[in-house]
Each structure stands twice: as structure tokens, then as C-alpha cells.
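Student: sequence isn't available, so here's the structure alone:
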């Protein structure tokens, strides 16, 4: 019987089955806090093969420099390559139609020792998580997440916006828990029905499944992830979402309240969305719209120093 490695990310317990002892798997240090003894809810099997099934598939439905998305015999498959030339595949992730099981295939003759020791690693694990979140009222957002007095806050922006800098400033000057300095999951903590193709979500559906809908109700939670930024912060902790802050570097610190439409637009801009699948994409877009209705949002113009923390402490962290 295969041995299992279990990781819990945003309440999704991944059970990864290996033909050998999972104690030989080399996990990156960011993944170690996410190990769990809880019962698996999403099952992956690792094996070696030729990859013949996806080689028979039609042209990729979605392509990036490092991986392609294809569909073959009712399977969603992500083909990861060893270089941008895409001459040799190194991993294939294939999901069943119910999206509750998956298989990671490694080349039979491959010499990728690092992947053999840890095939469930970036970017495969992140792509899988983004795919699964679409059926769980969730989304992965380019942000720093903190927990303060049992409340969760997101500081959102692109690379270079100051997420890691602000994370370190907050960690140094306040009694906060940093969940991640680069990628945070937002989702409903409630169980959702299994994913089915052809099922359409609206933002009202997302609010209903999350259990709320009035502004200020903490019906969404934020969760840390293993995918950290330059500060290297990765925590499995969670907190009820209480505020969204879109970062903007400035000479002075200020907070400006945002409209629902502006908030939704910015959330979509900084979310990691499943562009390879229209139905899943629509579900994630609905989450962004629902979050904009249910959560207070601000533009945070800030200076990269302790004064920014003072401004937050005065206006928010009270």
C-alpha cells in the first residue's frame, strides 16, 4: 500500500500517496508547518509513466512558458516542462471529472531526483489549489495577510508593492501574526458541494455559500500558504477577514475608502485566476465580487517605515 504525506492548506487536506516511505520526501521548509495528521480529503497518487494519454490530446487549451493545460478523455491535465523550450515534460497533473482525486505522473526514465523526492511542489501544488478553490468559494490573492486580535487583514498588491516590507514592519512593531508575505487564500470555511461542470456561480451564490452577505459580516476567512515572498513567511494559520487594503507607495500615509466596483476590479487584478477553465474562472470572479460587497476596502498609501504601522494602528489595528 502506498504511504501518504498529508498537507493541510486552507482547510483542504491533501493526501499524497507514494510507492515508498513518505519520510524520505524532502519538503521545502515552508511546507513543514502545513503537515497534518488529519484525514485526507483530496487524494493524489504519484507514479511513473510514459505520458502517452496527454500526448494524444489535441493542442493545449491554455499555454504558459512552463506548463500547458489540456483535456483528454474527460480529464483535466497540466503538463509541466523542464524548460521553456518544452522539449521534455517533467510532471503531469491529471484530475478526475469530480475534481476530488488527482494523479501526478513522473517520467519512467527521468533523472529529476528533486522531483522524485518531492513531486508535490511549486508550481504544481499552487495550480492544483487554484483549481480546487473555484469549487470552494475561494481565491488565491497576491497579498500579505495578518491576524490581529482575532481579525484578518489583507494588504494587496503586485510584486514590488511593498508586501514583504510591510510584513516585516508589522512583525517588528506590532503584536500580529503574519500568515504570508506574498500569497494568501480567501475562502469560505464552510463545506461546499462537490464540483460539477456546467454549474454556474454568481456573486450572490458565493455570499450564500459563505453564509452571509451584509457588509462587515466576517463570512470569509484568510489562510496562509507555503508560497512566500522575499520575507519567507509561511504560516498555516487563519483568521476571519475584516478588511482589504490595496497598497500604494507614497510620501505620506493615508487611507481612502473604496467603492464596491473599484474593490472588485482590484481584487480581480491581483488574484491568481484559473484562466484555463471558463467555469472555474467565473466562480472565482464571483468570489471577488462577493468579497467587495461583504468586506470594507481601502487604498493604503504608505511610506516604507514605522510611520506606516503607526497609521494602521491609529485607524485600524485598535
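Tutor: Cool, the structure landed. From a predicted model like this one, the values you see are computed outputs, not experimental measurements.

Student: would you map the strands across the stretch 51-200 of the chain?
Tutor: In the stretch 51-200 of the chain, strands defined by DSSP state E, counting those that start in this stretch lie at 62-63, 67-72, 75-81, 89-95, 101-107, 138-148, 151-156, 177-180, 183-187, listed in chain order.

Student: which other helices and strands contact the third one?
Tutor: The elements that strand 75-81 packs onto, with contact taken as 3 or more Cβ pairs under 8 Å, 6 or more residues apart in numbering; DSSP states H and E, are helix 52-55, strand 67-72, strand 89-95, helix 124-133. C-beta coordinates here come from the backbone N, C-alpha and C atoms, glycine included.

Student: packing partners of the longest one?
Tutor: So that's helix 124-133. If contacts are counted by 3+ Cβ pairs under 8 Å, 6+ apart, helix 124-133 sits against strand 12-18, strand 75-81, strand 89-95, strand 138-148, strand 183-187.

Student: which stretch among those strands comes nearest residue 29?
Tutor: With Cβ to Cβ, the closest approach to residue 29 among the helices and strands packed on helix 124-133 belongs to strand 183-187: 16.1 Å.

Student: show me what the helix or strand where residue 5 lies packs onto, helices and strands only.
Tutor: Following DSSP states H and E, one finds residue 5 within strand 3-9. Applying 3+ Cβ pairs under 8 Å, 6+ apart, we find strand 3-9 packed against strand 12-18.

Student: whichever helix or strand comes after the strand it packs on: how far from the chain's middle?
Tutor: Next in sequence after strand 12-18, counting helices and strands by DSSP H and E, comes strand 42-49. Averaging C-alpha positions (Cα atoms, centre = their mean, to the nearest Å) puts strand 42-49 21 Å from its chain's average.

Student: strand 42-49 pairs with which strands?
Tutor: Partner strands and pairing direction for strand 42-49 (DSSP bridges) are strand 12-18 (parallel), strand 101-107 (parallel).

Student: so the first one versus strand 183-187, what angle?
Tutor: Which is strand 12-18. In terms of direction (axes from the mean of the first three to the mean of the last three Cα atoms, to 10 degrees), strand 12-18 departs from strand 183-187 by 120 degrees.

Student: tally of neighbours for residue 181?
Tutor: Residue 181 has 28 neighbouring residues, counting by other Cβ atoms under 10 Å.

Student: do I have it right that it meets residue 227?
Tutor: No: judged on Cβ atoms under 8 Å, residue 181 makes no contact with residue 227 at a distance of 10.0 Å.

Student: let me see the contact set for the residue nearest the centre of the chain.
Tutor: Nearest residue to the geometric centre of the chain (Cα atoms, centre = their mean): residue 140, 3.6 Å. Shown in contact with residue 140 (Cβ atoms under 8 Å, 6 or more residues apart in numbering): 126, 129-130, 133, 183-185, 225, 271-272.

Student: next: residue 95.
Tutor: For residue 95, the contacting residues are 75-77, 101-102, 128, 131, by Cβ under 8 Å, 6+ apart.

Student: identify the bridge partners of residue 243.
Tutor: Beta-bridge partners recorded for residue 243 (DSSP bridges): residue 153.
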